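J.: any chance you can model this:
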Amino acid sequence: MAQSPPSGTESQIWPEVDAHLEFRDQLRVLAFSGVQQGVGFPYQQWFAAAGLGYQFKRIPRIEKIDPDKEHYLVLGGGYEFLRTIQSGKVTEEDRVIIDLTFSYHLPADLLVRDRNWIELRWVNGTYSTTYRNMVFVEHGFLVHGIHFTPYGSAEIFYNGDKHSWNQEWYTAGIQWPYKHSFMLDMYYRRENCPSCVPANWNVAGLTLNFYSGNKK
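T.: Okay, here's the model as predicted:
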């Protein structure tokens, strides 16, 4: 008899720190590290990554704390290491990442980004490939001298090993920039993956971004 897909919803918290280093020739370095911790569920993941990105063609009349958002196209690549402990089982994963992101500045000062992400993955030495597509929309506000940027995104995953679209992530958050030095990103994320255990996650995330070498 066929078994039904795993079900259940659990919660996580995601603290993360990102460092962005910008160069004058439109080249940037990104490094980040963080932890994904289950709340009341035996799950913990530690990850760290670094990569390079090149920015093509600046968008006129747009200014963001993140220089990647000021360009129509960003091409990037990097490496990420992940170590996961779930229900006592340890998994180590190496990823080589290729990233192509398009940005569009629309009327009403909306910024739309379309990120295409390919992961070449080795999970405990076994190779697989994942394609991820994320559409991201944001709008900045200035109220009583305070800048903040609400945003939302939707991301889908294609599992090359299973030949199927097997995950969906939906995110809503607010970014709080301070000058051109750092930005606090607070968000909620819903993750759906019918073939995973558990099948759903509710995530509360907090990312602190540091920026260096910005020309502004």
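J.: okay, and the residue nearest to residue 181 when sequence neighbours are not counted sits in which element?
T.: Distance criterion Cβ to Cβ, 6 or more residues apart in numbering; nearest residue to residue 181, sequence neighbours excluded, is residue 211 at 6.1 Å. All C-beta atoms are positioned from the backbone trio N, CA, C, and that covers glycine. According to DSSP states H and E, residue 211 maps onto strand 200-212.
J.: kindly report the same for residue 185.
T.: According to DSSP H and E, residue 185 maps onto strand 182-192.
J.: dump the C-alpha coordinates for the strand holding residue 211 into CSV.
T.: The C-alpha coordinates for strand 200-212 follow below in CSV (Å, rounded to 0.1, in the frame of the first residue of the first chain):
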residue,chain,number,x,y,z
ASN,A,200,5.9,22.7,6.4
TRP,A,201,7.9,25.2,8.3
ASN,A,202,7.0,28.6,9.9
VAL,A,203,10.2,30.6,10.1
ALA,A,204,10.9,33.8,12.1
GLY,A,205,14.1,35.3,10.6
LEU,A,206,16.5,38.1,11.6
THR,A,207,19.5,39.0,9.3
LEU,A,208,22.0,41.7,10.1
ASN,A,209,23.7,43.0,7.0
PHE,A,210,27.0,45.0,7.1
TYR,A,211,28.1,47.1,4.1
SER,A,212,31.7,48.3,3.3
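J.: relative to strand 182-192, how tilted is it?
T.: 160 degrees (axes from the mean of the first three to the mean of the last three Cα atoms, to 10 degrees).
J.: please shift the residue numbers so they start at 49 in all later answers.
T.: Okay, residue one is now 49; in that scheme the one you just asked about reads as strand 248-260.
J.: what is strand 248-260 packed up against?
T.: If contacts are counted by 3 or more Cβ pairs under 8 Å, 6 or more residues apart in numbering; DSSP states H and E, strand 248-260 sits against strand 57-70, strand 230-240.
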